[in-house]
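Trainee: Okay, here's the prediction I keep looking at, along with the sequence it came from:
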Amino acid sequence: MPWKASSVMEERLRFVGRLLDGEAMTDVCRDFGISRKTGYKIFDRYKEHGLEALTDRSRRPVRYANQLPQQLENLIVRLKGEKPHWGARKIRELLLRRLKGDVRLPAKSTIHAVLDRHGLVKRAAGRRHRAQGTPLSPGAAPNDLWCADFKGEFKLGNARYCYQLTVTDQASRFLLMCEALESTREDLAFTAFERLFAERGLPLSIRSDNGVPFASPNGLFGLSKLSVWWLRLGIAIERIKPGCPQQNGRHERMHLTLKKEATRPSGSNILQQQARFDAFVQEFNVERPHEALDMKCPAQLYTTSPRRYDGLPELSYPFHDRDVLVTACGRLCLHRKKINISTVLAGQRLGIKEVDEGIWLVSFMQYDLGYFDLEQRTLQTVDNPFGPKLVSDVSGTTPAL
């Protein structure tokens with residue numbers, strides 16, 4: 001079987017998994033088209049160093065967190081079925097006896113994450129369930145859904161670039177904000193959104209693409225500090241699928257009009273360009289009739305949100321053992337041990353609860369993030385609690401304005 005560079009990790013996992021299932025080295029090597037010497041080298045590396053030994057550490061940027069050979073994961077689930085009242089700590093000890101030291105065992109928190117993924121972890125009474133996301137609403141009423149985007153950049157008359165940050169209300173098409181900014185820096189977006197929230201109140205949800213500053217490719221679950229701030233304010237986050245701008249069709253259609261009427265020609269400097277944007281916003285909202293609104297103007301339909309912006313509410317975790325503050329370097333400290341979480345949560349207060357001996361559940365607001373133990377000291381993430389928020393059922397047609 002030829003080994004493709006893009007799936008080397010998966011091939012090695014399948015190779016090791018078959019050996020763990022008890023198949024002979026000779027047979028498995030023949031099926032994979034490799035020599036027995038190479039096969040033993042791979043298996044010995046796995047037994048000595050665990051899953052990390054199967055990655056191409058010098059080149060591959062992908063992190064295979066908690067990924068176990070399917071056979072090993074199945075064995076964990078099977079052992080839990082045999083001993084339903086045993087926790088991850090005892091299951092790990094049972095694994096040690098069954099495998100007799102042939103492989104390096106996963107951490108307790110990894111085993112607990114596997115059991116949780118298969119619905120085999122009993123939740124404490126009164127605990128909130130892990131957020132699974134809700135079906136996307138169509139944004140039928142004003143402030144149900146706002147759409148935000150940084151629509152590229154263009155050069156001003158003074159040869160500097162302008163980055164346009166725009167926000168619209170999905171239901172009324174009201175153009176809430178059109179800011180001429182010098183970059184897509186997160187601090188500039190924070191200031192713009194804080195001003196908008198103070199003026200218009202808070203929406204129920206904000207939809208954006210997966211680019212900065214709305215999301216972070218290296219952040220926990222793709223979160224950015226901006227989206228974490230939205231969550232703290234009680235705003236649900238929605239992200240369109242990469243390469244599918246039509247999933248924000250109404251907003252994209254507005255951008256076509258904005259580009260034609262307010263950027264050609266561009267202003268001489270950032271202040272002149274902002275004046276152009278302000279004039280466009282006034283005309284778009286108050287004067288321009290929209291076919292999809294029965295020729296009404298957005299200002300005739302839009303009303304300010306009743307959810308006032310009063311700063312960040314306090315976080316409390318009544319169903320957890322304690323709450324801890326994430327340090328500036330993205331860690332939490334417990335019993336003089338430092339546990340890696342994520343820098344996007346720096347400064348945020350998390351709830352932690354010991355769900356089994358030495359295994360701790362970590363939560364941010366109502367979202368369960370994963371587990372850690374004091375030996376491994378790394379967050380073992382569960383299923384992405386924000387994943388179901390991806391847009392998946394929108395028309396490919398662009399709504400009329």
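Mentor: Perfect, I can see it now.

Trainee: what sits against G370?
Mentor: Taking C-beta atoms under 8 Å, 6 or more residues apart in numbering as the criterion, G370 is in contact with 109, 113, 361-362, 379-382. For glycine as for every other residue, the C-beta is placed from the backbone atoms N, C-alpha and C.

Trainee: Need those residues in CSV (columns: neighbour count, secondary structure and distance to A141).
Mentor: Putting those into CSV (neighbours: other C-beta atoms under 10 Å; DSSP: H, G, I helix; E, B strand; the rest coil; distance: C-beta to C-beta, whole Å) gives the following:
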residue, neighbour count, secondary structure, distance to A141
S109, 29, helix, 43
A113, 26, helix, 39
L361, 26, strand, 36
V362, 26, strand, 35
L379, 24, coil, 38
Q380, 24, strand, 40
T381, 19, strand, 35
V382, 21, coil, 33
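
Trainee: Can you give the domain ranges for this protein?
Mentor: 5-54, 145-301, 322-387 (automatic domain parsing).

Trainee: Surely P213 and S224 touch.
Mentor: Yes. Proximity of P213 to S224 meets the contact threshold set by C-beta atoms under 8 Å, at 5.6 Å.

Trainee: Residues that sit against both of the two, list them.
Mentor: Common neighbours of P213 and S224 are listed as E186 (criterion: C-beta under 8 Å, 6+ apart).

Trainee: For D323, give the beta-bridge partners.
Mentor: According to DSSP bridges, the partner residues bridging D323 are G351.

Trainee: Report how many residues lie close to it.
Mentor: Burial of D323 is recorded as 15 neighbouring residues (other C-beta atoms under 10 Å).

Trainee: How much space separates it from H255?
Mentor: Counting by C-beta to C-beta, to the nearest Å, the gap from D323 to H255 is 42 Å.

Trainee: that older thread, comparing the domains of the chain by mean pLDDT, which bottoms out?
Mentor: Ranked by mean pLDDT, these end with domain 5-54 at the bottom, a mean of 78.

Trainee: of the contacts of G370, closest to E23?
Mentor: Closest approach to E23 among those (C-beta to C-beta): A113, at 27.0 Å.

Trainee: For the closest one, report the pLDDT, please.
Mentor: Reading off the confidence values, A113 has pLDDT 83.

Trainee: ok, the nearest residue to it once chain neighbours are set aside - contacts?
Mentor: Beyond its immediate neighbours in the sequence, the residue positioned closest to A113 (C-beta to C-beta, 6 or more residues apart in numbering) is Q380, lying 4.4 Å away. Shown here is Q380, whose contacts under the criterion C-beta under 8 Å, 6+ apart are 65-66, 107, 109-110, 112-113, 370-372.
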